[in-house]
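Engineer: I would like the atomic coordinates for the input below:
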Amino acid sequence: MVFPYLDIIIRSVAVYFFMTIALRIFGKKELSQLNTADIILILLISNSVQNAMVGPDTSLIGGLIAALVLFSINFAIKRLAKRFKTLGDLILDKPEVLIHDGILDFKALSRLDVSHEELKEAAREHGLEHLTDIKLAMLEIDGSISIISADKKHLKQTHYKRKHNRKNLQKV
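Structural biologist: Sure thing, here's the model as predicted:
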């Protein structure tokens, strides 16, 4: 073999892209707040893909090369995503509008699996009685819901973390 660690590099790149695609498919709602089951899943996934990256090479150098490849590809992807909008749109999440000028985007709510109750609770936490009082509600890239009031008296912006598998929202 020309370069003994080429196998680790190729495996690490493959695992990186697999994990990026998997997280993209499962969406930002799943990442909004990690519970015990989510942490266990992350630990198990990291353990399962570790062998896929380094193969039979369990040496310190093999592990460091795998880590270096992951950091490098992550850095490169972020740079490329900033430079090429199409790539950025494909790889990186964007905030999603849920309510604009009091009008709910039912297609977005359905696609993102955000319930009417979650929106109402976020509005109440902000001191708003009706969803029509919301100028803008966004599902942010971290899975939280931020709200900007249409009322001049409620100009402050709020940011709420969604609780995984619950209807409630937690004020940050």
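Engineer: Check the burial of the residue nearest to residue 102 when sequence neighbours are not counted by counting its neighbours.
Structural biologist: Nearest residue to residue 102, sequence neighbours excluded (CB to CB, 6 or more residues apart in numbering): residue 132, at 3.7 Å. Placement of C-beta: from N, CA and C, glycine included. Residues lying near residue 132 (other CB atoms under 10 Å) number 13.
Engineer: list the contacts for residue 134?
Structural biologist: 99, 102, 123, 128, 147-150 (CB atoms under 8 Å, 6 or more residues apart in numbering).
Engineer: Residue 101 contacts residue 133, correct?
Structural biologist: No. Using CB atoms under 8 Å, residue 101 makes no contact with residue 133, being 10.6 Å away.
Engineer: Now list whatever residues contact both of those two.
Structural biologist: residue 150.
Engineer: quick one, which of the two is more surrounded?
Structural biologist: residue 133 (17 against 9).
Engineer: Tell me the spacing between the more buried one and residue 144.
Structural biologist: Noted for residue 133: a distance of 20 Å to residue 144, by CB to CB, to the nearest Å.
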